[in-house]
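**Q** this is a predicted model, with the sequence first.
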Amino acid sequence: MFTGIVEEVGTIDTISRGANSAVLTIRAEKVLDGTKVGDSIAVNGICLTVTRLMPHAFTADVMHETLNRSSLANAMRGAHVNLERAMAADGRFGGHIVSGHVDGTGRIVEVKKDDNAIWYTIQATPPLMRYIVEKGSVTIDGISLTVAKVAEDNFSISAIPHTVSQTVLKDRKVGAVVNLETDIIGKYVEKLLFKGQPEGITEEMTGAQTIKENAPHKSGEKQQNGITRDFLAKYGF
């Protein structure tokens, strides 16, 4: 698990591409301290396993699924990447719960300065946007950020100068593709409350759920399975 607090900006030194995979060698310093082969390092928000250690670099395998879902499919030699080691059990939880399992990518459609802050607006697909909540958390290229605004097909974050200067955000311009990981808690809540509804929560589903919970059950009628609002209220949630 990670927290979205970037420790260091590394550089892709080499990329060895297979038919549907790749091997990356990344130059780094800080994240190598205490790291062993088999440990996890988030690279632009993607949890990768260290397969080899060198004095000033490490290598990691990238599988087909990762290339399909992330910006690593278009990674280039010399590109900068955000790096974070997996959270230590006694570490500080500075950001939010980040799994390192990227949900998909978004595209930066606007960058504008606002006094000492910089606003980034990212366009994303509906399956990702349904988990983007104003004032909630989102991970962009491995950076834990707060959602400031939400529109139908995009959302915006406001980054302070320190965050921009210490991460790859300083390199991101309009048109750049970024890795997105939405809040894992929201996904679990949806799965538990709306089991078997692959299209996600809709207004109609919410209404139907409430009616079913409030309606008395007839004799012999099969009751609804899973966690309901009544269940949560009964046990103090």
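**A** Looks like it came in fine.
**Q** for the nearest residue to Val150 once chain neighbours are set aside, give me its contacts.
**A** Nearest non-adjacent residue to Val150, counting by C-beta to C-beta, 6 or more residues apart in numbering: Glu134, 4.9 Å away. All C-beta atoms are positioned from the backbone trio N, CA, C, and that covers glycine. Glu134 sits next to 147-150 when contact means C-beta atoms under 8 Å, 6 or more residues apart in numbering.
**Q** next one: Glu134 from Val147, what distance?
**A** Separation of Glu134 from Val147 (C-beta to C-beta, to the nearest Å): 6 Å.
**Q** repeat for Arg27
**A** With C-beta to C-beta as the criterion, Arg27 and Val147 are 32 Å apart.
**Q** more neighbours, these two?
**A** More neighbours surround Val147 than the other of Arg27 and Val147, with 19 against 16 (other C-beta atoms under 10 Å).
**Q** touching, that one and Gly136? I think so.
**A** Yes - contact criterion C-beta atoms under 8 Å: Val147 and Gly136 qualify, at 5.2 Å.
**Q** center of the protein - which residue?
**A** The centre of the chain sits closest to Glu181, judged by C-alpha atoms, centre = their mean, with a distance of 1.6 Å.
**Q** in what helix or strand does it lie?
**A** Element membership of Glu181 [criterion: DSSP states H and E] is strand 177-182.
**Q** show me what that strand is in contact with.
**A** Strand 177-182 is contacted from outside by 44-46, 70-71, 74, 98-108, 122, 124, 128, 131-132, 138-142, 172, using C-beta under 8 Å, 6+ apart.
**Q** can I get it as CSV, trimmed to CA atoms?
**A** The C-alpha trace of strand 177-182 is given here as CSV (Å, rounded to 0.1, in the frame of the first residue of the first chain):
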residue,chain,number,x,y,z
VAL,A,177,-1.9,11.6,-20.4
VAL,A,178,-1.8,10.9,-16.7
ASN,A,179,-2.5,7.8,-14.6
LEU,A,180,-5.6,7.9,-12.4
GLU,A,181,-6.5,5.8,-9.3
THR,A,182,-9.8,6.7,-7.8
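**Q** direction included, what does that strand pair up with?
**A** Sheet pairing here is set by DSSP bridges, and for strand 177-182 it gives strand 104-114 (antiparallel), strand 137-140 (antiparallel).
**Q** tell me the mean pLDDT for it?
**A** Strand 177-182 comes out with an average pLDDT of 97.
**Q** flag the shaky bits of the protein, pLDDT-wise.
**A** For the chain, applying pLDDT under 70 flags the ranges 196-226.
**Q** would you list every one of the strands in it?
**A** In the chain, the strands defined using DSSP state E lie at 8-17, 22-27, 40-43, 46-54, 57-62, 80-85, 104-114, 117-123, 137-140, 143-150, 154-159, 177-182.
**Q** quick one, which of those is nearest to Asp230?
**A** Counting by C-beta to C-beta, Asp230 lies closest to strand 177-182 out of the strands of the chain; the figure is 27.5 Å.
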